[in-house]
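S.K.: turn this into a structure:
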Amino acid sequence: MRDQKTSGVVTVQRLSDEQFETIRALMCDHVGIVLQGNRRALVESRVNKRLRTLGIAQYGEYLDFLRADESGGELALLIDAISTNVTEFFREGDHFDFIRDTAARWLAKGRQKLRFWSAACSSGEEPYSLAMALRSLPGSEAADIRILATDISTRMLRQAVQGSYLAGTAATIPAELANRFLLRQQTPDGEVYRVHDALKNMIVFRRLNLNKTPFAIRGAFDAIMCRNVMIYFDQDLRARIVAEAHRLLRPGGYLMVGHAETLIGIESKFDFVRPAIYRRH
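M.R.: Numbering: from 1, shown residues only. Down below sits the predicted model:
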């Protein structure tokens, strides 16, 4: 790999049709992401970052480098670069209201062990939001509550484990929860919020490729959040993920997908609860 410090000014051309198809095939084969033609500009932008980092001027040269890298390290970095990581705390907040209300009923009935899975956790905003929502429930302090948080991107997982966020990204956290579960600090990069260790200890972060089914995961979960990720997959992979979610949920558990997603067209044994929320038989 070239030394970034020795790289000169990089001139990047547009992806040829053949080069774009090569990257599309790599993403589909390895992680199941289907890149539509309208994502070409995004792909060029993300791959350009890899070229600049490596000091490579041409896409063709980069693809040769990628093929020659038997370690798979560059492929992992390319996947990191292309994967869309749009997220925020308490995104699609009605899901967290639903989880909070449902978990409150479970706790009120005497359940003391609850398990959740954030299936595409990105940089950690979703599992930390879930942890805050659950730990704020009356009686939850004594309960055994654990969250599995997975993602394909090692870069995003490293950020998630750190649990440190610029103040602006924490703006969607309700003030009461931010005051209780986050520590505000001033750093050279600006004001940051750090997640309390007690909240971190509820979560286990792991790398997982949703394209590799069956998942090496033991259930049973009470709820699975697999939101705003299946829209990037083809119908076959979406069906396999939904089947795995059914296998890993306990009877009566819930699957949550993104507001723009649905299980319509996918054969499954889930009952519709409300838009983007389904219940396992």
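S.K.: now this protein, which segments are flagged as low pLDDT?
M.R.: Within the chain, the stretches with pLDDT under 70 are 1-13, 84-85.
S.K.: what segments of it are helices?
M.R.: 17-31, 40-54, 59-68, 73-82, 94-108, 125-135, 154-162, 175-181, 197-200, 235-248 (DSSP state H).
S.K.: I'd say Glu141 and Leu134 touch.
M.R.: No. Counting by Cβ atoms under 8 Å, Glu141 does not reach Leu134; the two are 10.7 Å apart. (C-beta placed from N, C-alpha, C; glycine too.)
S.K.: with neighbour numbers in mind, choose between those two.
M.R.: It is Leu134, of Glu141 and Leu134, that has more neighbours when counted by other Cβ atoms under 10 Å, with 23 against 9.
S.K.: is the more buried one in contact with Ala104, as I believe?
M.R.: No. Contact criterion Cβ under 8 Å: Leu134 and Ala104 do not qualify, at 9.4 Å.
S.K.: can you pull the residues that touch both of these two?
M.R.: By Cβ atoms under 8 Å, 6 or more residues apart in numbering, Leu134 and Ala104 have no common neighbours.
S.K.: report the contact partners of Pro214.
M.R.: Pro214 neighbours (Cβ under 8 Å, 6+ apart): 244, 247.
S.K.: phi first, then psi, for it.
M.R.: phi -70, psi 150 (degrees, to the nearest 10).
S.K.: where does the closest residue to Val195 other than its chain neighbours fall, phi/psi-wise?
M.R.: Once flanking residues are discounted, Val195 sits nearest to Gly163: 3.5 Å by Cβ to Cβ, 6 or more residues apart in numbering. The phi/psi pair for Gly163 (degrees, to the nearest 10) reads phi 60, psi 40.
S.K.: which parts of stretch 161-178 are buried?
M.R.: 163-165, 170, 173-174, 177-178 (16 or more other Cβ atoms under 10 Å).
S.K.: most packed of the helices of the chain?
M.R.: Of all the helices of the chain, helix 125-135 has the most neighbours on average by mean count of other Cβ atoms under 10 Å, namely a mean of 25.
S.K.: contacting residues around that one?
M.R.: Identification of contacts with helix 125-135 by Cβ under 8 Å, 6+ apart yields 87-91, 96, 99-100, 103, 114, 116, 118, 120-121, 140-141, 145, 147, 149, 160, 163, 165, 169, 173, 177, 180-181, 195, 198-199, 202-203, 205, 225, 227.
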